[in-house]
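Sequence first, predicted model second:
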Amino acid sequence: MEPEVVPGWFWEVLDTARPSLSALESWLEAQPRDVLETYAVAYLEAAESLIDFSEGVTVDGEVWSEDSTEDLCVWVVGQGRAFWRSTIEGSWDLSDAAQAYLRRPSSLMGEVTWWDGQVRRPEHTGYASPATLVHGVYRTRFGQDLYERLTAG
């Protein structure tokens, strides 16, 4: 079941922009502060809905660290609503998604669209993923750290 905190427009943005980070960058640059904040929260909520990161996902008999599990979940969200929903609904599990994430032979490779990693603005280069780009755009536009802003509440 799709968490209610993930608005439909969030998925539309990801699914429309993918695989072009510069298209996502343009969209983010045109949005007001509250939309950027909502996008960042929705991204994290969607990733957290897949698994408790601290549990780790088991891949090839090994339990991944919390950070690696988070990275995988963030990647799953970046694959868009259909890929994420198939994981949520159990059509495949995170260990299957991990094989595709690692670019190993996998039955899911046909479901994967790799983001191109290209941003227009040099100051966004260190944020070249659909999950982190919002942080670079927020910093550029508002001169604030988005993570600090969201956790200050």
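That came through, no problem. Residues are numbered from 1 along each chain as shown.

Pull the number of nearby residues for the nearest residue to residue 75 once chain neighbours are set aside.
Closest residue in space to residue 75, ignoring its immediate chain neighbours: residue 101 at 5.2 Å, by C-beta to C-beta, 6 or more residues apart in numbering. Heads up, the C-betas are built off the backbone N, CA and C, glycines and all. Residues near residue 101, counting by other C-beta atoms under 10 Å, number 21.

Repeat that for residue 144.
12.

quick one on the thing from earlier: check what pLDDT the residue nearest to residue 75 gets.
Model confidence at residue 101, given as pLDDT, is 96.

can you check residue 107 too?
We note a pLDDT of 88 for residue 107 in this prediction.

Give the full set of residues in contact with it.
92, 96 (C-beta atoms under 8 Å, 6 or more residues apart in numbering).

ok, 10 Å please
Contacts for residue 107 (C-beta atoms under 10 Å, 6 or more residues apart in numbering) come out as 92, 96, 99-100.

which of those residues count as buried?
Neighbour-count burial (16 or more other C-beta atoms under 10 Å) is assigned, among the contacts of residue 107, to 92, 96, 99-100.

circling back: make sure the residue nearest to residue 75 is actually in contact with residue 72.
Yes. Using C-beta atoms under 10 Å, residue 101 is in contact with residue 72, at 5.4 Å.

shared neighbours of these two, anything?
Common neighbours of residue 101 and residue 72 (C-beta under 10 Å, 6+ apart) are 59, 94.

Would you state the strands of this structure in chain order?
Secondary structure of the chain (DSSP state E): strands located at 58-59, 62-63.

any idea of the mean pLDDT for the last one?
Taken as a whole, strand 62-63 carries a mean pLDDT of 98.

and if you look at the first one?
Here strand 58-59 scores 96 as its mean pLDDT.

try stretch 45-53
Rounded mean pLDDT across stretch 45-53 is 96.

can you give me the end-to-end distance of stretch 55-66?
End-to-end distance of stretch 55-66: 7 Å, with C-alpha to C-alpha, to the nearest Å as the criterion.
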